[in-house]
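[1] model the structure of this input:
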Amino acid sequence: MVSVRWVGSGARLGALLAAALLEIWPAAHAQADTLEVGPSQEYKTPSAAAQAASPGDTIEIEPGQYYDCAVWKPSRLTIVGKGPGVVITDTVCQGKGLFITVGDDITIRGITFARARVPEGNGAGIRAEGKNLTVEESRFVDNENGILTVTNSPGSTVRILRSEFLQNGKCVHSCAHGLSVGHVALLHVEGCKFLGTRAGHHIRSQAMRTELIRNEIGDGPDGTSSYLVDIPDGGSLVMERNLIEKGPKSSNTRAAVMIGDESAAQPATEVRIIDNVFTNDSPDHTAFVLDWSGADVQVSGNTLYGDVTEVSTRGAWIHAVRAHASATKAGVIDFAKRFAKRVRDW
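    Residues are numbered from 1 along each chain as shown. Down below sits the predicted model:
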């Protein structure tokens, strides 16, 4: 018979478990800190706080102009302006933007982002590279992109609430926009103002679902935007109770809202455009909604002023032919390359 002695073994096992718990406890239960930023605070600039931040922290920035940029790597950060007049301006990080959000689940509130510029022409007030960004009560003034997200994640959500986008946009090598969102699950924009966008679109969304609720989107007398809303890859779109205006200097009078002008690859389970007010102040006829995606566009309760058609598919078949021809050409070139390689290998 084998005899097992437990005396001492239990004590050693308990000690090992206690040591393991002590090792993981700080990581699992560390208390989030509040980091104060300002001339009289420990952290003089947002970038200094960004280097010290840990997941879950809150960063509070005192009013003032900060000629600074910051890369926010931890997740679950809350970055807030302590009162009006918190301005991040003129300095970009990594040739990308004033703030770069790398971590996930970041909230930014009460901050103005101004004059983000880079040689490539796509500098952003906020450049979002992580998942799940929320921006509240913030302003984006005279940037190339107000917000640019490069997130390509089917589970990510971008929420923009009660914020202003003023005189953003630029077209050089390609176009920058007021708000440009990549392939995410949801873009929700509510209670915001987009005014005087230059050259690019006020809102460009490649999200699977885009929700625009109670916003003001307008060129004004000097804005030169292309589309007011561009949904280039298709997908679901809900627009409710927005005040929308295409100005006399618009660079593209084809439409106010464009759906599917690039690939229309994302299926739409819902395209609902209701109770909006649209004014066409351009000298040309325009479509309120131009649909090249083939979606079932539901419109009701919209009020239209000026020379405008509510919904149009004009040009859709030409676009489809060109897209097919382009895909065929690309396929032929790819086949030729693969065939030539096989001949060389043979």
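[2] just the helices in the stretch 201-346 of the chain please.
    316-345 (DSSP state H, counting those that start in this stretch).
[3] quick one, grab the pLDDT at residue 168.
    Residue 168 is assigned a predicted lDDT (pLDDT) of 98.
[4] distance from stretch 129-147 to the middle of the chain?
    7 Å (Cα atoms, centre = their mean, to the nearest Å).
[5] same question for stretch 159-166.
    11 Å.
[6] go on, stretch 277-294?
    24 Å.
[7] what is the end-to-end distance of it?
    With Cα to Cα, to the nearest Å applied, stretch 277-294 spans 24 Å between its terminal residues.
[8] next: stretch 191-206.
    20 Å.
[9] taking the mean pLDDT, what do you get for it?
    97.
[10] just the buried positions in that stretch, please.
    Buried positions in stretch 191-206, judged by neighbour count with 16 or more other Cβ atoms under 10 Å: 192-206. (Each C-beta comes from the backbone N, C-alpha and C, glycine too.)
[11] over to stretch 282-292?
    282, 286-292.
[12] same deal with stretch 72-90?
    72-81, 86-89.
[13] tell me the mean pLDDT over that stretch?
    Rounded mean pLDDT across stretch 72-90 is 97.
[14] how long is it from one end to the other?
    18 Å.
[15] same question, stretch 294-314
    12 Å.
[16] go on, stretch 37-54?
    15 Å.
[17] gap between that stretch and the chain center?
    With Cα atoms, centre = their mean, you get 25 Å for stretch 37-54.
[18] and it, what's its mean pLDDT?
    Stretch 37-54 comes out at a mean pLDDT of 97.
[19] and for stretch 105-114?
    98.
[20] ok, and what's touching it?
    For stretch 105-114, the external contacting residues (Cβ atoms under 8 Å, 6 or more residues apart in numbering) are 61, 72, 75-90, 98-99, 101, 125-126, 128, 130-143, 146.
[21] and the buried residues of stretch 72-90 as CSV, adding secondary structure?
    CSV is the format used below for the buried residues of stretch 72-90 (DSSP: H, G, I helix; E, B strand; the rest coil):
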residue, secondary structure
72, strand
73, coil
74, coil
75, coil
76, coil
77, coil
78, strand
79, strand
80, strand
81, strand
86, strand
87, strand
88, strand
89, strand
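[22] out of these, which is nearest to residue 183?
    Of all the buried residues of stretch 72-90, residue 183 sits closest to residue 75, with 20.3 Å by Cβ to Cβ.
[23] pretty sure that closest one sits against residue 130.
    Yes: taking contacts as Cβ atoms under 8 Å, residue 75 lies within contact range of residue 130: 7.0 Å.
[24] what residues are shared contacts of these two?
    With Cβ under 8 Å, 6+ apart, residue 75 and residue 130 have common neighbours 103-106.
[25] who wins for most neighbours among these?
    Counting neighbours by other Cβ atoms under 10 Å, residue 106 comes out on top of the shared contacts of residue 75 and residue 130 with 23 neighbours.
[26] and that one, what are its bridge partners?
    Applying DSSP bridges to residue 106 yields these beta-bridge partners: residue 133.
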